[in-house]
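1. okay, sequence plus prediction incoming.
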Amino acid sequence: MSNGWNHQFGVIDTIYEEEPEFSSTSSSPSLSPPSFSSSPPLLHSTISAWSLSSGHQTDLLLRVQGTCFRLHKDRIISRSSYLKRHLTNLTEFTLSPPLNITPHTFAAIAEFCYSSRVHLTPNNVAAIRTAAGLLGMTDSRGYDGENLCHVAESYFNRIVGIDQEYASVVLRSCMALLPEAETTASLVSRCIEALVWDDYDGHDIDATCLNVVVEIRPQDFQSVVDSINARLPHHDVLYRMIDLYFKENKNGKLTEEQKSQLCNSIDCTKLSPRVLMECVQNPRVPLRFIVRAMLVEHLNTRRSIAVAAAASGGNQQDERESLGDILRRDSARRQTAQLKEAMDSTCSRIQSLEKELNGMRKILERKLNALNSERSASFHVMPAAAEERKIGRGGRGSVSSSALMYDGESGTPRMTKSLRQRLMSGLKNAFHRKSL
């Protein structure tokens, strides 16, 4: 595994990179230097190193699904409350069902008991977290470092929180670990929550990411549904997941009683109006659930009508109206509300654009005023004496050019009052000289 993977997903000290080959041969425990042909190579090395450093040989033979592990009892029972209860007076023990632990998973657990290291990936974190819960590896007292449940839980949270793709990987790895994966740590329901939460807007759920749930046995699916019921504040995703399960198991795999129990986990008051209407029209769900959904929809409609009537000062609605009339009127009211919402959004956008245009207009006006000021400065007025000499020489062009001023508001040229006075004075002087 690359360093980039370790850095991104917090892998805690790699133990082995490849799948080890396990031997199914059994043997009796021995206090002499043991043969570790049944253990993975790196676990073999770890146990051998511990024997040399402590001066004690292995004194426990533990079998997991036909695979033998020769271990030091004190190291194992110091980390596992379950094994401590069962190994007090034993030198041999078999981990048997209902403990859902494979030899590969137990090898990682044994390595942690010796070295406080564990190799975690999205593919094995569910198995190790489930096994740690079953073996009671939740106590840090008596040794340095964290307990395995906490280490696996921390890694699980980081993986699920990073990307929905990894949540999907973990979810699929949980399928072979049910029901323990759910009963010990709610792993399945938490993966489902992570998959749908980012896309959940209270109105629509894409259930395609939940196709894996159709592989779950009905009794295990019930425990997952009950857990999701307690975790999610909205039940749209719960309804869609159950409906998907009904759709994929329509060939008599589910009894009506099982369907009713699953639907009883759905709180209709926590469904969005759109999903509630789907429930009323869904032929796959039990009739009792349809009736319950209709009652909730009826109550919601009555409540909406009462609120609308109170707001508008209208009269109370006729209590004898049919449910169909109420639902149709409520549907029309919702469409009107949606149109009003769209219109409000459009008006808001237009107002925003108008503000932007006004701002741009002010900027352009400031730039135009600055440009006009520069132009006005270029048409400066000549001193009065020079002006009079030009007029005396008949310099009409100079008068017209110097008399022009630009209006800062309209941008059009204008003649100032002082310039007109000087012009009249110059004409008088000119006529006076001519008369002389």
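-> Yes, it's here.

2. mind checking the SS state of residue 100?
-> Residue 100 falls in the coil class when you classify it by DSSP: H, G, I helix; E, B strand; the rest coil.

3. quick check: chain neighbours aside, which residue is closest to it?
-> Nearest residue to residue 100, sequence neighbours excluded (C-beta to C-beta, 6 or more residues apart in numbering): residue 180, at 4.8 Å. For every residue, glycine as well, the C-beta is placed using N, CA and C.

4. so that neighbour sits against residue 130, correct?
-> Yes - at 5.2 Å, residue 180 and residue 130 qualify as touching, with contact defined as C-beta atoms under 8 Å.

5. mutual contacts of the two, please.
-> Among the neighbours of residue 180, those also in contact with residue 130 (C-beta atoms under 8 Å, 6 or more residues apart in numbering) are residue 100.

6. which of those two has more residues huddled nearby?
-> Each of residue 180 and residue 130 has its neighbours counted (other C-beta atoms under 10 Å); residue 130 has more, 27 against 20.

7. element containing that one?
-> For residue 130, the element it lies in under DSSP states H and E is helix 125-134.

8. same thing with residue 117?
-> Judged by DSSP H and E, residue 117 forms part of no helix or strand.

9. quick one: the strands in this protein?
-> Along the chain, the stretches classed as strands by DSSP state E are 60-64, 67-71, 92-95, 405-406, 413-414.

10. hang on, the earlier thing: so who does the residue nearest to residue 100 touch?
-> Applying C-beta under 8 Å, 6+ apart to residue 180 gives the contacts 98, 100, 130, 133-134.

11. what does residue 327 give?
-> Taking C-beta under 8 Å, 6+ apart as the criterion, residue 327 is in contact with 297, 301.

12. related to what we said a few turns ago, so which of the contacts of residue 180 is the most crowded?
-> Tallying neighbours with other C-beta under 10 Å puts residue 130 at the head of the contacts of residue 180, with 27 neighbours.

13. and that residue, what does it touch?
-> Contacts here follow C-beta under 8 Å, 6+ apart; on that basis residue 130 touches 100, 177, 180-181, 184-185, 187.

14. I'd like the contacts of residue 180 written out as a markdown table, with pLDDT and distance to residue 106 added.
-> Below are the contacts of residue 180 laid out as a markdown table (pLDDT from 0 to 100; distance: C-beta to C-beta, whole Å):
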| residue | pLDDT | distance to residue 106 |
| --- | --- | --- |
| 98 | 78 | 15 |
| 100 | 86 | 11 |
| 130 | 96 | 12 |
| 133 | 95 | 14 |
| 134 | 95 | 11 |
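
15. let me know the closest of those residues to residue 293.
-> Of all these, the one with the least separation from residue 293 (C-beta to C-beta) is residue 130, at 35.7 Å.

16. contacts for stretch 225-245, please.
-> 182, 186, 188-190, 192-193, 196, 200, 202-205, 207, 210-211, 213-214, 216, 221, 254, 262-263, 265-268, 270-272, 275, 278-279, 282, 284-285.

17. what's the answer for stretch 271-287, then?
-> Stretch 271-287 has contacts (C-beta under 8 Å, 6+ apart) with 202-204, 234-236, 239-240, 242-243, 246-247, 250, 256, 259-260, 263, 268, 289-290, 293-294, 296-297, 300, 334.

18. what about the stretch 51-200 of the chain, any weak spots by pLDDT?
-> Under the criterion of pLDDT under 70, the regions of the stretch 51-200 of the chain flagged as low confidence span 140-145, 198-200.

19. all helices of it, in order?
-> Taking DSSP state H, counting those that start in this stretch as the criterion, the stretch 51-200 of the chain carries its helices at 73-77, 81-86, 103-115, 125-134, 148-162, 164-174, 180-185, 187-197.

20. single out the most deeply packed of those.
-> helix 125-134 (a mean of 26; mean count of other C-beta atoms under 10 Å).

21. how is this protein carved up into domains?
-> Taking automatic domain parsing as the domain assignment, the record places the domains of the chain at 3-245, 323-378, 381-436.

22. show the buried residues in the contacts of stretch 225-245.
-> When burial is judged by neighbour count using 16 or more other C-beta atoms under 10 Å, the buried members of those are 182, 186, 188-190, 192-193, 196, 200, 205, 207, 210, 213, 216, 221, 254, 262-263, 265-268, 270-272, 275, 278-279, 282, 285.
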